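**Q** Could you look at this predicted model? Sequence included:
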Amino acid sequence: MAPFWYISRIIGAAVAALGSVIFIAWKYYFFRGRRYWPMSKPWSTSCRGPSLPQWKSWWVHGEDQSDMSVLLKYSHDKQILVLGLDGAGKSSILHCISTNTVKYSMAPTQGFNTVYITVDGCKLDFMEIGGSQNLRTYWNLYLSKAQVLIFVVDSTDHVRMPLAKQELHRLLNEEPQLPLVVLANKQDQKKALGISELHKELALYTINDERKFFFMATHITQDEPHVPKNILDFKELLIQLLS
Ligand SMILES: Nc1nc2c(ncn2[C@@H]2O[C@H](COP(=O)(O)OP(=O)(O)OP(=O)(O)O)[C@@H](O)[C@H]2O)c(=O)[nH]1
Ligand SMILES: [Mg+2]
């Protein structure tokens, strides 16, 4: 009986050890291909999965809102919502403007992706929500807290242009006053639609006069050693718009 008990203890320990190894391997596999910029960087946070972002500066969550110091703490932050279909280039653009380096994002944003920049003591918080179909249902939830909506379009995606238009106008109907910047991205590509074509395809002529509206061509090419001028212009526009 004793050897059997001894062997069963050894098997039990082996199964536990194997379980740990499988768990570690699974964690490694799950996080290895993430699109998010490393968590160690102070300007970036991100989250996976279906849970909604708990972004403190996005709304004063879980704090006593009657306390004026709390309100003051967040009053200088500007929230910028970055949306657009999957693959449009949202993460790549955010990386570029927050780090001043050019690098394509490596994997689709599975949840949300936040970065910030500080300009003259004012913090600009960017929140990208992934553009895949399941995440688009969350887009509306963040509109009311945003000071500006950036909508990024892949200018080469002719097939999904009607879908991009539909999603954009759905958002615009929700917030008729919210300032809007549409970025016609991937303009480095030969098959990219031009600005006037996109203006028509996206029915941007229907945007009402009450809304502040800007339409810009952008591209990020990894071959270029420096941040493209169009991205710097976009950053400057945002600073002007929010100051
Ligand atoms: N040629 C070209 N490719 C670009 C440009 N911007 C982004 N890309 C490419 O498009 C891919 C998708 O870009 P992302 O930044 O991940 O797109 P996204 O909008 O964040 O996509 P989701 O996170 O899935 O919603 C990148 O991996 C790049 O390969 C651009 O201006 N020009
Ligand atoms: Mg992304």
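**A** Structure's in. What do you need? Ligands and ions are numbered 1, 2, ... in the order given.

**Q** how about stretch 212-226: buried residues?
**A** By 16 or more other CB atoms under 10 Å, the buried positions in stretch 212-226 come out as 214-220. The way it works is simple: take the backbone N, C-alpha and C, and place the C-beta from them, glycine included.

**Q** Name the helix or strand of the chain that has the lowest mean pLDDT.
**A** strand 44-47 (a mean of 41; mean pLDDT, DSSP states H and E).

**Q** what about stretch 82-99 and ligand 2, touching?
**A** Yes. Stretch 82-99 comes into contact with ligand 2 (CB under 5 Å from the ion), by way of 90-91.

**Q** In three-state terms, label the most centrally placed residue in the chain for me.
**A** When CA atoms, centre = their mean is applied to the chain, the residue found nearest the centroid is Glu128 (1.8 Å). Taken by DSSP: H, G, I helix; E, B strand; the rest coil, the conformation at Glu128 corresponds to strand.

**Q** Tell me which residues touch it, please.
**A** Going by CB atoms under 8 Å, 6 or more residues apart in numbering, Glu128 touches 82-83, 90-91, 94, 109, 112-114.

**Q** distance of it from Pro176?
**A** 23 Å (CB to CB, to the nearest Å).

**Q** what does Cys96 give?
**A** 30 Å.

**Q** Same check on Leu241?
**A** 17 Å.

**Q** higher neighbour count, these two?
**A** Higher neighbour count among Leu241 and Pro176: Leu241, with 15 against 10, using other CB atoms under 10 Å.

**Q** Just to check, that one is in contact with Val148?
**A** Yes. With contacts counted by CB atoms under 8 Å, Leu241 reaches Val148, the gap being 6.1 Å.

**Q** Need the overlap of contacts for the two.
**A** What both Leu241 and Val148 touch, as defined by CB under 8 Å, 6+ apart, is the set 179, 181.

**Q** so Ile117 sits in a helix?
**A** No. Counting by three-state DSSP, one finds Ile117 to be strand, located in no helix.

**Q** what residues does this protein put near ligand 1?
**A** 84, 86-92, 104-105, 108-109, 130-132, 152, 185-186, 188-189, 219-221 (CB under 6 Å from any ligand atom).

**Q** Helices of this protein, start to end?
**A** Assigned by DSSP state H, the chain shows helices spanning 2-32, 68-75, 90-99, 133-136, 161-174, 195-201, 229-242.

**Q** May I see the buried residues of the last one?
**A** The neighbour-count check on helix 229-242 (16+ other CB under 10 Å) flags 230-231, 234-235, 238 as buried.

**Q** Repeat that for the fourth one.
**A** By 16+ other CB under 10 Å, the buried positions in helix 133-136 come out as 135-136.

**Q** So is it next to ligand 2?
**A** No. Counting by CB under 5 Å from the ion, no contacts exist between helix 133-136 and ligand 2, the nearest distance being 9.8 Å.

**Q** What distance do you get for Gln166 to Gly194?
**A** 21 Å.

**Q** can you tell me which two in the contacts of Glu128 are farthest apart?
**A** Farthest apart among the contacts of Glu128 by CB to CB are Leu83 and Thr114. That separation is 13.3 Å.
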